[in-house]
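K.L.:
A predicted structure for the sequence below; I have some questions about it.
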Amino acid sequence: MTKVKICGLMEKNHVLAAVEAGADAIGFVFAPSKRRITIDRAHELAKLVPAELLKIGVFVNPEVEELEQAIREVPLDYIQLHGNEESDLIEAVKFPTIKAIAIREEQDVEKASNFDTEYMLFDAPGTNYMGGSGMTFDWKLLNGHRISPNRVILAGGLNVSNVKEAIERVKPFMVDVSSGVEIDGKKDEQLIREFILTVKDEER
């Protein structure tokens, strides 16, 4: 069954909605973004997340010390690197990692083979920030890639109306949503529930 990550959570009620609806992972954004939160705030929200759910921290071009602090103090289960990070940073941190790559053309997909990480996240290019644009990319660009489907996380413009098609075409291990469960730029509890149930109900 495809896993679901709800990213960019900032409020207690939204975390609880995701947990109760059956999310598999919760994302906290520490990078420049309208969804950015502090480590202290993430620590408080993480108390609401059961141990079996993954707590993932999203970073853009961080320093090793920043990563180590968040890993320790939230605490996190995975880090997601959404910038121009290279393999040496991943090796230096020695922690379960998701590397995000913005997909514009086939060559971007090929970059995934350069990273020895647990998962690769394929996303649409950002606009004001790295990722989180709410736009999709051409999923056909993922055809024939050499990354195991068990390592693929699909992001970029997913919502209740298109996530079934996305799963059917890409067959990712996990889907990642943020703006697709928002109204006027804020998370919506009902949309969070509907998105998770759309993914889970499709596969029962």
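P.N.:
Ah, there it is.

K.L.:
helices and strands around whichever helix in the chain runs longest, which ones?
P.N.:
Longest among the helix segments of the chain by residue count, using DSSP state H, is helix 189-202. Packing partners of helix 189-202 (3 or more Cβ pairs under 8 Å, 6 or more residues apart in numbering; DSSP states H and E): strand 3-7, helix 12-21, helix 163-170. Where you see a C-beta, it was placed from the backbone N, CA and C, and this is true even at glycine.

K.L.:
So for Pro149, which of those sits nearest?
P.N.:
Nearest to Pro149, of all the helices and strands packed on helix 189-202, is helix 163-170, at 8.2 Å by Cβ to Cβ.

K.L.:
Which secondary structure elements does the closest one sit against?
P.N.:
strand 152-154, strand 174-177, helix 189-202.

K.L.:
Deepest in the core, which of these is it.
P.N.:
strand 174-177 (a mean of 26; mean count of other Cβ atoms under 10 Å).

K.L.:
any residues touching it, and which ones?
P.N.:
2-7, 24-25, 27, 119, 121, 123, 152-155, 158-159, 163, 166-167, 195, 199 (Cβ atoms under 8 Å, 6 or more residues apart in numbering).

K.L.:
Repeat that for stretch 32-49.
P.N.:
Stretch 32-49 is contacted by residues 7-10, 12, 15-16, 19, 26, 28-30, 55, 57, 60, 69-70, 73-75, 129, 132, 178, 185 when judged by Cβ under 8 Å, 6+ apart.

K.L.:
just stretch 67-87 next, same as before
P.N.:
Contacts of stretch 67-87 (Cβ under 8 Å, 6+ apart): 25, 27-28, 30-31, 39-40, 42-43, 46, 54-62, 89-90, 93, 95-100, 114-116, 118-119, 121, 123, 130-131.
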